[in-house]
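[1] Kindly generate the corresponding structure for this input.
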Amino acid sequence: MNQHLFWPIAWLLILVLPGHEPGTVAKGSQRETVSVKAGVLEGIRFGSSPDGLAFLGVPYAAPPVGDLRWRPPKPISAWMGTRKATEFGAACPQLPAKWFPNVGWNEDCLYLNVWTPQISLSAKLPVIVYFHGGSNTAGYSQMTPLGPTLARLGVIVVSANYRLGPMGFLSHPALTAESEHHSSGNYGLLDQVEALKWVRENIQAFGGDAASVTVMGQSAGAVDICLLMASPLAAGLFQLAIMESGDCQSVWNEDIRRSIPYSGISESGEQAGERLTRDLGVEDGPDALHKLRAIPASEIQEAWSKDRQIHFDAIVDGWVVPEQPAKIFAEGRENKVPVLVGSNADEATVFGHGGPKTVEEYRKYLREDTGSHADLEFKAYPAASDADVPAQYLRLQSDSFAYGAYSMAQAMTRAGQSAYLYYFTYAETGRRAALGAYHGEELNFLCDSFPSDWEHGRDDERLGQAIRTYWTQFAKTGSPNAKGAPEWPAYDARADQYLELGREIRIHPTTERVRVLGNIERLVLAETENGRTPSGSR
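    Numbering: from 1, shown residues only. Coordinates of the predicted model:
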């Protein structure tokens, strides 16, 4: 299953106002100011601690508008005076999504937020930088309210917007031609790189340690982190990674120029971009990009809404993502960092039942996914009749996430890094009980923020405390283990085990189905190494 889901960097100008050296803090009754390289920010207190401060809607790159649309992000310009950082910045352009509120958007959207429990140049607190999910087509920095909760546990939390959908991942031959890197697309990934560079240059002013940065993401955010691990542009910008329900190296990713008829991919990146351009009525020519950049973002979103078969994903472009991540990780050429990685037992239940309905359709789907190895998948997830198809299809989708996490743990262990593999199994007892341990459910525990109708009990209180401890301890030390929590051993291929996070927290052996998906992946990689047509993979 395919989990859909540059300008040279210059130093920012340093603005020093009277009485405000970079990194110093001006005390106030409710609000505080802090100096970063581009100017002075005024934040706001959060929580009951007098030291807890939040700086919201902080610009980390120039607005990607006008001629800067579909270009790598440029550094933010310095500002005069004190800039209020007390409200979230605008979300990036996107179509409405039914799974979270529409907060409105603006093309000027490259903002981040910082929650810190202590501002001191000598504090050197570990930093977690969070990239949200939403298939790289929707979402915003504040949709997962983990900042206040995790900051109270002794870490600095940063969350960031990044360009989405056609504004963030449009590839097109004309864009490729104008690029000095012969690349287009992946602007959203470049935004994430720019946000991490901002953290490196500025986080000390908030009490953080620029040499202790953990990137964390869920769903598409986790996929993006995997891609950053495959990207030379992100080398050295983070030291640890947490990936929840997302991976890039156990699937084939869309290529900028080459069609890959596997893993659900039917077009190249440039082909998808040309399709949208035709929908917008812009013909090829010397002024095509000028016309495209002049079209209001709302019209681009509207055109895309009428043809949702066009996918805007991160792609293998030869620059940001130089090769297929499966190949980069298999050869040990990724950015090597310890990882905490996992999936949920019933990921796919919230995605609906839009998959194949008959055995014939199911077999067709499997052929499109893994080509000549489709029979092996069918044997692992058999459907004797049409009635069996929906359940087997959902099981395969959920196990695909499990295999992605499993293979990431294996890859990083091979690379000499510690990997901590989990499997989240907690199912609610209320109205969503039938969904099981669904995609994104673990975020409720991580944020200690639950739906109003959640039926609380001692199990979820205990699990939430354990998850928050594991995650923040990993960011602090590179190991999730801490006094008072069940021992979580690093992944070892010989033991082949994971930590269950559910009503019980315990060690389990890896399931046979996940091993089968691993065997298929190895066959696919061997096929490509022998120079045959690239097959899809899990």
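
[2] measure residue 379 to residue 385 for me?
    Per C-beta to C-beta, to the nearest Å, residue 379 is found 16 Å from residue 385. Glycine gets a C-beta too; all of them are placed from N, C-alpha and C.

[3] Check residue 411 too.
    38 Å.

[4] Which one's more surrounded, the two?
    The neighbour count for residue 411 versus residue 385, taken as other C-beta atoms under 10 Å, is higher for residue 411 (26 against 8).

[5] which residues sit in contact with the more buried one?
    249, 329, 330, 334 (C-beta atoms under 8 Å, 6 or more residues apart in numbering).

[6] So it versus residue 232, what's the distance?
    17 Å.

[7] what are the phi and psi values for residue 443?
    phi -70, psi -30 (degrees, to the nearest 10).

[8] same deal with residue 292?
    phi -60, psi -40.

[9] What of residue 206?
    Residue torsions, per degrees, to the nearest 10, at residue 206 are phi -100, psi 10.

[10] excluding its backbone neighbours, what's nearest the residue most central in space within the chain?
    The centroid of the chain falls nearest to residue 221 when counting by C-alpha atoms, centre = their mean (0.9 Å). Sequence neighbours aside, residue 131 is the residue nearest to residue 221 in space, at 3.8 Å (criterion: C-beta to C-beta, 6 or more residues apart in numbering).

[11] What is the neighbour count of that neighbour?
    That count, for residue 131 with other C-beta under 10 Å as the rule, works out to 32.

[12] Any idea what it is bridged to?
    residue 160, residue 217 (DSSP bridges).

[13] residue contacts, it?
    159, 160, 162, 192, 215, 216, 217, 221, 224, 225.

[14] Next: residue 345.
    Counting by C-beta under 8 Å, 6+ apart, residue 345 makes contact with 398, 423, 424, 425, 436, 437, 502.

[15] pretty sure residue 242 contacts residue 215?
    Yes - the pair residue 242 / residue 215 is scored as a contact, 7.3 Å apart, by C-beta atoms under 8 Å.

[16] Need the overlap of contacts for the two.
    128, 225.

[17] More neighbours: which of those two?
    residue 215 (30 against 26).

[18] mind checking the SS state of the nearest residue to the more buried one once chain neighbours are set aside?
    The spatially closest residue to residue 215, leaving aside those adjacent along the chain, is residue 238, at 4.5 Å (C-beta to C-beta, 6+ apart). Under DSSP: H, G, I helix; E, B strand; the rest coil, the three-state class of residue 238 is coil.

[19] ok, now the one 5 residues further on?
    Applying three-state DSSP to residue 243 yields a three-state assignment of strand.

[20] sec struct for the closest residue to it other than its chain neighbours, please.
    Spatial nearest neighbour of residue 243, excluding adjacent residues (C-beta to C-beta, 6+ apart): residue 222 at 3.8 Å. With three-state DSSP as the basis, residue 222 sits in helix.

[21] wait, isn't residue 222 in contact with residue 250?
    No - with contact defined as C-beta under 8 Å, residue 222 does not reach residue 250; the gap is 11.9 Å.

[22] ok, now which ones touch the residue lying closest to residue 105 once chain neighbours are set aside?
    Using C-beta to C-beta, 6+ apart and skipping residues adjacent in sequence, the residue nearest residue 105 is residue 91, 4.3 Å away. Contact analysis of residue 91 by C-beta under 8 Å, 6+ apart lists 103, 104, 105, 106, 109, 139, 140, 141, 161.

[23] Hmm, residue 129 and residue 199 touching each other?
    Yes - with contact defined as C-beta under 8 Å, residue 199 counts as touching residue 129 (5.9 Å).

[24] Mind listing the shared neighbours of these two?
    158, 213.

[25] returning to what we had before: and which of the contacts of residue 91 is nearest residue 470?
    Residue 470 has its nearest neighbour among those in residue 141, at 23.3 Å by C-beta to C-beta.

[26] Quick check: phi and psi at that closest one.
    Torsion angles, degrees, to the nearest 10, at residue 141: phi -60, psi -30.

[27] Could you find the closest non-adjacent residue to it?
    Nearest one to residue 141, counting by C-beta to C-beta, 6+ apart, is residue 159 at 4.1 Å.

[28] Correct me if wrong: the one you found contacts residue 113.
    Yes - counting by C-beta under 8 Å, residue 113 is a contact partner of residue 159 at 5.1 Å.

[29] Comparing those two, which residue is more hemmed in?
    Taking other C-beta under 10 Å, residue 159 and residue 113 do not tie; residue 159 has more neighbours (27 against 23).

[30] Identify the residues contacting the more buried one.
    112, 113, 129, 130, 131, 132, 141, 142, 144, 146, 147 are the contacts of residue 159 under C-beta under 8 Å, 6+ apart.

[31] I'd guessed residue 486 sits against residue 506; true?
    Yes - counting by C-beta under 8 Å, residue 486 touches residue 506, with 7.2 Å between them.

[32] what residues do those two have in common as contacts?
    residue 499.

[33] which one of those two has more residues nearby?
    A side-by-side neighbour count of residue 486 and residue 506, using other C-beta under 10 Å, places residue 486 first with 14 against 9.

[34] Give me the phi and psi angles of residue 94.
    phi -170, psi 160.

[35] So what's the residue count around it?
    26.

[36] cool, residue 430 as well?
    Around residue 430 there are 10 residues (other C-beta under 10 Å).

[37] ok, and the closest non-adjacent residue to it?
    residue 455 (4.3 Å).

[38] re the thing from before, out of the contacts of residue 91, what pair is the most spread apart?
    The widest separation within the contacts of residue 91 (C-beta to C-beta) is 14.8 Å, between 106 and 139.

[39] Wait, a helix at residue 473?
    Yes - per three-state DSSP, residue 473 lies within a helix segment.

[40] coming back round to it: quick one: which of the contacts of residue 91 is most hemmed in?
    residue 161 (29 neighbours).

[41] okay but that residue is in contact with residue 103, surely?
    No - Residue 161 is beyond contact range of residue 103, at 10.9 Å (criterion: C-beta under 8 Å).

[42] Between those two, which contacts overlap?
    Counting by C-beta under 8 Å, 6+ apart, the residues touching both residue 161 and residue 103 are 91, 140.

[43] Which helix or strand lies directly C-terminal to the longest helix anywhere in the chain?
    Secondary structure of the chain per DSSP state H: the longest helix is helix 389-414. Downstream of helix 389-414, the next assigned helix or strand under DSSP states H and E is strand 419-424.

[44] Can you mark which positions in that next one are buried?
    By neighbour count on 16 or more other C-beta atoms under 10 Å, the buried set for strand 419-424 is 419, 420, 421, 422, 423, 424.

[45] Check the burial of residue 67 by counting its neighbours.
    What residue 67 shows, counting by other C-beta under 10 Å, is a neighbour count of 11.

[46] Nearest residue to it in space, please, no chain neighbours.
    Nearest to residue 67 is residue 293, by C-beta to C-beta, 6+ apart, at 6.4 Å.
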